[in-house]
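> Need coordinates for the following:
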Amino acid sequence: MTPIDKNLGNSVDRISAFDVIRFSSPCKRILPLGEVNGEILMGRSDIYFVANEGEGENWSLSEIRLVYRRRYELQDQGVELFFTSSTTLFLTFETNADRESFLKELSNSNLPSFATGEENLTEMTMLWKEGLMTNLSYLMNLNTLAGRSYNDLMQYPVVPFVLADYSSSCLDLTNQSSYRNLKKPVGIQDPNNERHYIHNYNYLKNEYQNAASDDLIKVPYHYGSHYSNSGIVLHFLVRLLPYTKLFLSYQDRNFDIPDRTFHNLGATWRLASVESTTDVKEMIPESFFLPEFLVNMNGFDFGLRQSGERVNHVTLPPWSTGNDPRRFILLHRQALESDYVRENLNHWIDLIFGFKQQGQAAIEALNVFHPATYSGFDVDSVPDPIERNARYTMIKTYGQTPKQLFASPHPASNAKSSRENDTQLLPLGGTAIGIKWGNFVGANGQGEPSLVWKQAHPVRGVLLCPVATGEIYGIPPKCSLVANCLKERTSRGQTASFVQSAAVLNWSHPDGLLRVRSRKDAPARPVIKPPVDDKVVVCANSINSGMIWVGYASGIVEVHHYNVDAQKGDFSVKKSSVIVGNHRSPVVSISLCKEFRVAVTGSVDRTILIWDLQRLSYIRSLETRDQDDDTIGTPFLTHTCVSSTLGDIVLTSKLNQMESSLDLFTINGSFVAHARTPVVTSICYSSAPEGTSVNLIVTGHQSGDIRFWNSWDLSPIRKLAEVVKKPVTSLVYTKDCNSLVASFQDGTICVWEKKGSKKYSWAPRAINLSLM
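Modelled structure (predicted):
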């Protein structure tokens, strides 16, 4: 996505100077902060949105991944485009016909990645039923299919309140009483409230039957408010910019009354479930992955409550250990993925996305909301302008019920319980019972991993590189693997990947040139020349990224774009490059994380910079801790590693000849934990699904030790028995986390699996040494 000339206005003729426009239509772009009136233009290679004020943006057609039809303000005239860069574009047209004309022109563009968003819901449900998709992933997919979008606060993704225990010092995830009743709407968790809403429905029904006017909305309902709307979203996100500004614009530039401001999670639950008959809010997805929404990082003055207490950070349950928002999010995610929720989530889906959303089933379930929240609410045919404007206001403020996805009861999950699939449910430091530590090699409770394969290799210090296929490639030191993978959909709705092409970058030559070898029998050829009097120290890229990140001894970080011709096996690097930043000392580590779209670069002096992987722009620096031990000298950075499931960043620094330090940060820069350990020579993260696992940080050491650490807080889990008394040069988990692979400085490669696994007499299928 790149800006276009601000002087273009909405003039098609002036854009046509560099593209041929083949479609145009007036529309609105929908953003969280409001609507932007403008025009959508489609050229041969790009689409353009040009605002009426003159500013615009363009996107490559080839980057469109998915297209969904959308409703906006209950009108079926919208569309949302999803790009390979993970950005989105939400447009609403003046008529349904205009939207369909746009989609028809788009479908004729022969786009390589294009697919309609009408995914096979049956296949997705089957994956969830069989335990192949987490509860959160399934809920987010259902939200997308039902028209919920982060671009429209009135149709923001909705997820359930899952817990009812916000007062205990220890959260028992195995106890049913810890959870809300997912079979009932949030407003009737207390049986006493049921009588109120039944009376409300019957009263309105009687009033409407006896009313003489034809202008009244004659549809009774249980709830006059909704479980999700822009006010609810901003209530939860008031501490985060830019939502704070939007909240203030709704409130005449003032924050809400302190006692009504989101200040205590337990109080919010009590109001929605028991104490209030006008508050029936459900939760937002951020409650399962974003601790920052609970923290007043910007120091906003929300005022004093009647009790005299100042509203600041959100008060969390005692089991979150010292009001720790990160600990709360991690435990809350475990609650969402618990056996109880998986066994009952289908009932909540029936209420929100399913057959209990409308009709007689909704009446019987006490799940009928104001008619202005449902598609089909009539506005345009109302003759009275005052009544018509009133209905428009209802649509803009009350909330909108999602598109109905299921017309019959949603099937229950067939997934095995934790005990059946050998996932250990263990306590966590006295604050939680029933934590799912996971069913992967090294996980707490799984016992000592078994060494299943060990073999010496003539190349010393092999580097291990995982690819999307699940394979792990071995390459020589001072090399980087460039691999392009393709995905194919299987008959069961899952995707299978295969390596289409692979090349090895090498910077070990005396002349300092970075060379590439795309075939084993072909000579390496130079592709990147370092700046004068500089040399390459480290190089990194991620699968299918088209980018090579290069770190130099001078501290420069440079990004080169490359192309691969899979049929010819040709690898070419574009002449121009982008210098994204400059450290003050040699760059020693570059970690790329496509899941969170960040790059982390680290230099010897422990300067850590985080970059946007898509825009190649600076995000933030990490404030590394000064060591308070005078005996360790000056520490220097050795490794960085990014979690693909949490986005957390772990650093290792060498303190002296005997010790290293580990420092753990969140992706948003908050310090989490610190530990000291024998000298670290390699590091990796496991990538088991969050909520059903507690992932591990694994460190390889100069002595040959391999140690496992809890990724939540760096508490030690175990140390493997030594099998090779040489430094560990590389560590990596297989894609399914069922195997841990290590290479040692003497060329030995070892594979561990869960306790009791049988030994291999040949190289495991995941190990690919063909590029050595």
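> which stretches of the stretch 151-300 of the chain have low pLDDT?
Across the stretch 151-300 of the chain, the stretches falling below the confidence threshold (pLDDT under 70) are 212-216.
> Would you map the helices across it?
Using DSSP state H, counting those that start in this stretch, the helices found in the stretch 151-300 of the chain span residues 191-210, 230-237, 243-250, 265-270.
> buried residues in the shortest one?
It stands for helix 265-270. Judged by neighbour count (16 or more other CB atoms under 10 Å), helix 265-270 contains these buried residues: 265-266, 268-270. To be clear about C-beta, it is placed using only N, CA and C from the backbone, and glycine gets the same treatment.
> can you put these in JSON lines and add distance to residue 618?
Putting the buried residues of helix 265-270 into JSON lines (distance: CB to CB, whole Å) gives the following:
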{"residue": "265", "distance to residue 618": "34"}
{"residue": "266", "distance to residue 618": "39"}
{"residue": "268", "distance to residue 618": "36"}
{"residue": "269", "distance to residue 618": "39"}
{"residue": "270", "distance to residue 618": "43"}
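> Could you check how far residue 224 is from residue 362?
From residue 224 across to residue 362, the span is 15 Å (CB to CB, to the nearest Å).
> do the same with residue 209
The spacing between residue 209 and residue 362, counted by CB to CB, is 19 Å.
> Out of the helices of the stretch 151-300 of the chain, the one nearest residue 368 is which?
Distances from residue 368 to each of these were compared by CB to CB, and the smallest falls on helix 191-210, at 6.7 Å.
> ok, residues contacting that closest one?
Surrounding helix 191-210, the residues in contact under the criterion CB atoms under 8 Å, 6 or more residues apart in numbering are 187-188, 216, 218-223, 274, 277, 363, 366, 368.
> can I get the CA coordinates of stretch 320-339 in PDB?
These are the backbone C-alpha positions of stretch 320-339, laid out as PDB (Å, rounded to 0.1, in the frame of the first residue of the first chain):
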ATOM      1  CA  SER A 320      -3.800 -12.300  37.900                       C
ATOM      2  CA  THR A 321      -1.000 -11.900  40.500                       C
ATOM      3  CA  GLY A 322      -0.400  -8.300  41.500                       C
ATOM      4  CA  ASN A 323      -2.900  -6.900  38.900                       C
ATOM      5  CA  ASP A 324      -0.600  -8.100  36.100                       C
ATOM      6  CA  PRO A 325      -2.400  -7.600  32.800                       C
ATOM      7  CA  ARG A 326      -0.100 -10.000  30.900                       C
ATOM      8  CA  ARG A 327      -0.800 -12.800  33.400                       C
ATOM      9  CA  PHE A 328      -4.500 -12.100  33.200                       C
ATOM     10  CA  ILE A 329      -4.500 -12.300  29.300                       C
ATOM     11  CA  LEU A 330      -2.600 -15.600  29.400                       C
ATOM     12  CA  LEU A 331      -4.900 -17.200  31.900                       C
ATOM     13  CA  HIS A 332      -8.000 -15.700  30.200                       C
ATOM     14  CA  ARG A 333      -6.800 -17.400  27.000                       C
ATOM     15  CA  GLN A 334      -6.400 -20.700  28.800                       C
ATOM     16  CA  ALA A 335     -10.000 -20.300  30.100                       C
ATOM     17  CA  LEU A 336     -11.300 -19.800  26.600                       C
ATOM     18  CA  GLU A 337      -9.500 -23.000  25.400                       C
ATOM     19  CA  SER A 338     -10.500 -25.000  28.500                       C
ATOM     20  CA  ASP A 339     -12.400 -28.300  28.200                       C
END
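> So which bits of that stretch are buried?
By neighbour count with 16+ other CB under 10 Å, stretch 320-339 contains the buried residues 320-321, 324-339.
> same deal with stretch 511-522?
Across stretch 511-522, burial judged by 16+ other CB under 10 Å covers 512-518.
> swap in stretch 448-462?
By neighbour count with 16+ other CB under 10 Å, stretch 448-462 contains the buried residues 449, 452-454, 457, 460-462.
> Closest to residue 399 out of the residues you listed?
Ranked by distance to residue 399 (CB to CB), the buried residues of stretch 448-462 are led by residue 449 at 50.0 Å.
> just checking, the closest one touches residue 442?
Yes - Residue 449 sits in contact with residue 442 when judged by CB atoms under 8 Å, with a separation of 5.6 Å.
> what is in contact with those two at once?
Here residue 449 and residue 442 share the contacting residues 740, 752, scored by CB under 8 Å, 6+ apart.
> List the residues that contact the nearest residue to residue 703 once chain neighbours are set aside.
With CB to CB, 6 or more residues apart in numbering as the measure, residue 678 is the residue that lies nearest to residue 703, at 6.1 Å, once sequence neighbours are left out. Contacts for residue 678 (CB under 8 Å, 6+ apart) come out as 658-660, 701-703, 705.
> contacting residues around residue 237?
243, 247, 284, 286, 293.
> and residue 288, how far is that from residue 334?
Note on residue 288: its distance to residue 334, by CB to CB, is 10 Å.
> Skip the chain neighbours and tell me the closest residue to residue 337.
In this structure, residue 337 finds its nearest non-sequential neighbour in residue 691, 3.2 Å apart by CB to CB, 6+ apart.
> How about residue 241?
With CB to CB, 6+ apart, the residue lying closest to residue 241 is residue 298, at 6.8 Å.
> Tell me how many other residues crowd that neighbour.
9 (other CB atoms under 10 Å).
> Over to it: give its phi and psi.
Note on residue 298: its backbone torsions stand at phi -90, psi 0 [degrees, to the nearest 10].
> Could you pull up the contacting residues of it?
If a contact means CB under 8 Å, 6+ apart, then residue 298 has 239, 241, 244 as its contacts.
> what's the answer for residue 370, then?
Under the criterion of CB under 8 Å, 6+ apart, the neighbours of residue 370 are 221, 223-226, 394, 398.
> Quick one, which of those are buried?
Burial of the contacts of residue 370 was assessed by neighbour count (16+ other CB under 10 Å); the buried members are 221, 223, 225-226, 394, 398.
> Between which two of those is the distance greatest?
Using CB to CB, the two most remote members of the buried ones among the contacts of residue 370 are 223 and 394, lying 13.6 Å apart.
> Buried by neighbour count, from the contacts of residue 298: which ones?
Under a neighbour-count criterion of 16+ other CB under 10 Å, the subset of these counted as buried comprises 239, 244.
> Of the contacts of residue 298, which is the nearest to residue 50?
Within these, the smallest distance to residue 50 is 27.0 Å, found for residue 241 (CB to CB).
> Could I get the phi/psi values of the closest one?
Here residue 241 shows phi and psi, under degrees, to the nearest 10, equal to phi -80, psi 150.
> gap between it and residue 87?
Shown here: residue 241 relative to residue 87, a distance of 19 Å by CB to CB.
> With distance to residue 165 as extra columns, can I get the contacts of residue 298 in CSV?
As requested, those are exported to CSV (distance: CB to CB, whole Å):
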residue, distance to residue 165
239, 24
241, 32
244, 30
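> now, among the contacts of residue 298, which is nearest to residue 711?
residue 239 (25.7 Å).
> which residues does residue 88 form a beta bridge with?
residue 82 (DSSP bridges).
> Okay, it and residue 81: tell me how far apart.
6 Å.
> higher neighbour count, those two?
Comparing residue 88 with residue 81 by neighbour count (other CB under 10 Å), the higher total belongs to residue 81, at 21 against 15.
> what residues are up against the closest residue to the more buried one other than its chain neighbours?
Taking CB to CB, 6+ apart as the measure, residue 81 lies nearest to residue 89, with 4.4 Å between them; neighbours along the chain are not counted. Contact partners of residue 89, counting by CB under 8 Å, 6+ apart, are 29, 49, 59, 80-81, 83.
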